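>>> With the sequence up front, the predicted model follows.
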Amino acid sequence: MLSAVPHRVNYKQAAPMNDSDSEPKNQADLPPPQSVHGDEDAYRVMDANTNRAAEGLRTIEDVARLVFEDQQASQAIKDLRHRLTEATQCLEGARLLSARSAATDAGTGNDTAGEATRNSWNDIVAAASGRVTQSLRTLEETSKLLPVGIQVVPLYKSLRYRAYDVLANLQLRFDSKGLPTKGFPADARLYVLIDCQREPTEFAAYVRSIGEAGVDVLQIRDKSAEADKLIRYADLAADATADVATQIAVNDRVDVALTAQVDGIHVGQEDLSIDQTRCLVGTRRWVGVSTHNLRQAKAAESAGADYIGCGPTFPSATKDFEAFAGPEFLRQVAEHITVPAFAIGGITVENVGEVIDCGIRRIAVSNVVHSARNPTEVVATLRAKLSG
């Protein structure tokens, strides 16, 4: 009959089994089950996997906070770490520490070639996520051997399922924005706002055509669309302009900007402030702000806006205004503001010259392009006038 394997056995010195030892002849030959309550082996496994899960979560949190500058993701991981700490507090801390023995850990040298390299931050997050979920499963199973199992198993199980959701969502989010955005284009002249009313295939083809014609920035703006539709159309726009210079923005919705493949977000005076928006999207997304007078323009510049929209300049076919800032506001901006400033509101091929005469050579338009018989021709004409 096989003797019980001693704790921390030196496997190089263990005697090999012979054929007669390979299986017990009958059930009576099996060794009696050991008592597992308070077993040092269980605490050793718990200690190793608690450390592994905590290290994985810390790695992901640091990437979220310092690389992706994603405050929301960082907070989600921090919450998981705290829940892990709460579960661990149900164990006997001294037992965990006394069971630790890195010197006799048989797996410390079991590295694979893939562990030595990572190709991207996303690879690091994916690897750390795998370690976290695997460790949590081991913690859940091993804690069943302990007297406190009835108390701690539900905590680990709940934490494991929560981690599945959080880590999967973060990986998808990071995958879609793993590379830093290009920053707001300093030479941008033509900014076009577009809604989500076209069919997806038509929308993508249309965006592609005006992007190739010279649109520098395309903003997804549709007050009637739900978040999922805004995300879908923003991603369609990003894919359609992947190999042209056009950058993509979304209006108002920080949640959409965090999820979709966009370069920036535009907010109004009654939306989140620039500081609040930055807190959520970090510096990987540029932020633009609507302004209607010089005081607001100066405040936006001081708060770190990447650009400002200035208007309304003229009556608009797409939006009603109670008052118009008019060309005089553009002249004030040209004199006092240094960040890129886009005139907006009722600008057409016929009146764009008045904007230019105010010292502004950047415009944001919508109807003049979308209602045209030949939108790409209008885009090219506006670009030529702004660059002349």
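Cool, got the structure.
>>> biggest helix in the chain, by residue count?
Identified as the longest helix of the chain according to DSSP state H is helix 149-176.
>>> Quick one: name whatever helix or strand follows that one.
Later in the chain than helix 149-176, the nearest helix or strand by DSSP states H and E is strand 190-194.
>>> Dump that next one to PDB, keeping only the CA atoms.
Extracted C-alpha coordinates of strand 190-194, given in PDB (Å, rounded to 0.1, in the frame of the first residue of the first chain):
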ATOM      1  CA  LEU A 190     -13.400  71.700 -41.700                       C
ATOM      2  CA  TYR A 191     -15.500  70.100 -39.000                       C
ATOM      3  CA  VAL A 192     -18.700  68.300 -40.000                       C
ATOM      4  CA  LEU A 193     -21.600  67.200 -37.700                       C
ATOM      5  CA  ILE A 194     -23.600  64.200 -38.700                       C
END
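>>> residues contacting residue 273?
Residue 273 makes contacts with 267, 303, as judged by C-beta atoms under 8 Å, 6 or more residues apart in numbering. Any C-beta I mention is one placed from the backbone N, CA and C, and that applies to glycine too.
>>> before we move on, back to that, now for the longest helix of the chain, which elements pack on it?
In terms of contacts (3 or more C-beta pairs under 8 Å, 6 or more residues apart in numbering; DSSP states H and E), helix 149-176 is packed against helix 71-88, helix 121-143, helix 254-259.
>>> Could you rerun that using 6 Å?
Judged by 3 or more C-beta pairs under 6 Å, 6 or more residues apart in numbering; DSSP states H and E, the packing partners of helix 149-176 are helix 71-88, helix 121-143.
>>> Tell me how far the longest one lies from the chain's centre.
Right, helix 121-143. The chain centre lies 20 Å from the centre of helix 121-143; the measure is C-alpha atoms, centre = their mean, to the nearest Å.
>>> okay, the angle between that helix and helix 71-88?
In terms of direction (axes from the mean of the first three to the mean of the last three C-alpha atoms, to 10 degrees), helix 121-143 departs from helix 71-88 by 20 degrees.
>>> Any buried residues in the helix or strand hosting residue 276, and which?
In this assignment (DSSP H and E), residue 276 forms part of helix 274-281. Neighbour counts over helix 274-281 (16 or more other C-beta atoms under 10 Å) mark 274, 277-278, 280-281 as buried.
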